[in-house]
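S.K.: The following comprises the amino acid sequence and a computationally predicted model.
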Amino acid sequence: MSAMWNSARPRRIRRGAALTMVFAGVLATGAATESWSGEPGAPVPESADRALPGAAGEDGSRAARQADEGRDADSDEAAERLVSRSGDRWSAAYTAREYAGLERTLDGEYVGTGISVRRAVDSTGRRTVVVARVQDGSPAAKAGIRAGDRLHAVDGAKVGDRPVTDVVGMLRGSVDGGAGDGAGAQAYGTGKRGDGHAADDEATADEGAAPGSPVVLDLGRDGRRWTADVERARLTAGTVTSDKLAPHVTRIRITRFTEDSGSQVRRAVRDLPEGDGILLDLRGNSGGLVTEAADAASALLDGGLVATYDDDGTQRTLHAAPGGDTEAPVVVLVDGGTMSAAELLTGALRDRGRAVVVGTRTFGKGSVQMPHQMPDGSVAELTVGDYATPSGRAVPEEGLVPDLAVPSTRDAEARARSVLSGLTSGS
């Protein structure tokens, strides 16, 4: 197990809770209150970033030595003991099952219903949960559920006053419907900034329920209430979407970097209408596979440096492939949920003169982790170094500062579109 990760992790580890506690040290409050960086409706980041496979597998590395030292611990606690001994705020311990779930998530797979949900307020001022999106071909789509439907309950448990992160966990079966609001730290939704907090049931790395497991959804539409009996299925997450926002403005949104995200971005850029600028929406993108972030950079760069990172004293590099689009104007939209591999991409495009960055300060996660498998299959993930943007600047703990700071999440997209329209008309 020599893959390298660039991951956001808790400050402390509890047995059996590594994945469900991803970001718990810094995000549990945000998950329960549906806030991020003090802004209502902000996204809750999710899990890990993996860098170059095999890039940090040298026997002499500090992380490898620490992993070897941890192999004589009790098998069911080897990874946790190693992580606890490291004192590293970004380290994490996984059980074999948790790690398998994370691997599937990074491969773009999840078990769920295919529903994305968001927080809304009805005409009486009451908090509700609304279906924001239904994945084509998913169990929810086959059950006739549509975007705009109101979700009242999951397996008989009302969801109106629960954080959407809890609702996501209930849809996936990873959060019990009887759990309190604190359970929101167990399921991390992909954020969709705008008219309320949004999350989808593809968002967690935790296994949740098995494919084929039933879930009963209490729904409403146009004053009518009904229940839908849905069986969860293993689905493939779509992490890249493209849509036309305005004349000469195409938005490419990346929710996270999983397998094939980079090629999806390259296809979206190749299909860009002539004369359009690109609004690259990285809000709520908590990272993923770093190699996919570099591949995404290749869509907008003609080769060259994307980032450097330190592997326990050895300097390594990530480069873009040649032949990307260097003509279309680009504005990158970021917020406090933009982190890790998404910050790497943001920094690369800005340093290379390819993009203007608009929004709020990003999360600030620039360290690189490497996982090591213990004899029982559990995994200890330890920091081996930090990465830097092409100009040599490390990502500060307080995050990247946008070129144009727009504190209001509702105004940020409008300002980004305005900037892009100006760049497009002037190009």
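M.R.: Alright, I've got the coordinates.

S.K.: going forward, measure contacts and count neighbours with C-alpha atoms only.
M.R.: Noted.

S.K.: Now do the same contact list for residue 307.
M.R.: By CA atoms under 8 Å, 6 or more residues apart in numbering, the contact set of residue 307 is 317-319, 344, 348, 387-390.

S.K.: Now do it against residue 326, distance only.
M.R.: 18 Å (CA to CA, to the nearest Å).

S.K.: Same question for residue 379.
M.R.: Residue 379 is 41 Å from residue 326, by CA to CA.

S.K.: Likewise for residue 234?
M.R.: On the measure of CA to CA, residue 234 and residue 326 end up 38 Å apart.

S.K.: cool, residue 225 as well?
M.R.: In terms of CA to CA, residue 225 sits 51 Å off from residue 326.

S.K.: Name the residues of stretch 391-406 that are buried.
M.R.: For stretch 391-406, the neighbour count (16 or more other CA atoms under 10 Å) marks 394-395, 399-402, 404-406 as buried.

S.K.: ok, of those, which one's closest to residue 158?
M.R.: Nearest to residue 158, judged by CA to CA, of the buried residues of stretch 391-406 is residue 406 at 35.5 Å.

S.K.: Pull out the buried residues from the helix or strand hosting residue 307.
M.R.: Here residue 307 is covered by strand 304-311, with elements defined by DSSP states H and E. Across strand 304-311, burial judged by 16+ other CA under 10 Å covers 305-311.

S.K.: Determine how far the host helix or strand of residue 267 lies from the middle of the whole chain.
M.R.: According to DSSP H and E, residue 267 maps onto helix 261-270. Here the centre of helix 261-270 is set off from its chain's centre by 18 Å, with CA atoms, centre = their mean, to the nearest Å.

S.K.: other SSEs contacting the next helix or strand after the strand holding residue 307?
M.R.: As assigned by DSSP H and E, the chain's next helix or strand after strand 304-311 is strand 314-320. Where contact means 3 or more CA pairs under 8 Å, 6 or more residues apart in numbering; DSSP states H and E, strand 314-320 is packed against helix 290-298, strand 304-311.

S.K.: Report the angle between the last one and helix 290-298.
M.R.: Between the direction of strand 304-311 and that of helix 290-298, the angle (axes from the mean of the first three to the mean of the last three CA atoms, to 10 degrees) works out to 160 degrees.

S.K.: What segments of the stretch 251-400 of the chain are strands?
M.R.: In the stretch 251-400 of the chain, the strands defined using DSSP state E, counting those that start in this stretch lie at 277-281, 304-311, 314-320, 330-334, 356-359, 367-373, 379-388.

S.K.: In the protein, which helix is the longest?
M.R.: Using DSSP state H, we find that the single longest helix of the chain is helix 409-426.

S.K.: Flag every buried residue along it.
M.R.: 409, 412-413, 415-417, 419-421, 423-424.

S.K.: Centre of the chain to that helix, how far?
M.R.: Mean C-alpha position of helix 409-426 versus that of the full chain (CA atoms, centre = their mean) differs by 24 Å.

S.K.: Give me the neighbour count for residue 313.
M.R.: As a burial measure, residue 313 scores 12 neighbours (other CA atoms under 10 Å).

S.K.: How about it, nearest residue that isn't a chain neighbour?
M.R.: Using CA to CA, 6 or more residues apart in numbering and skipping residues adjacent in sequence, the residue nearest residue 313 is residue 385, 7.6 Å away.
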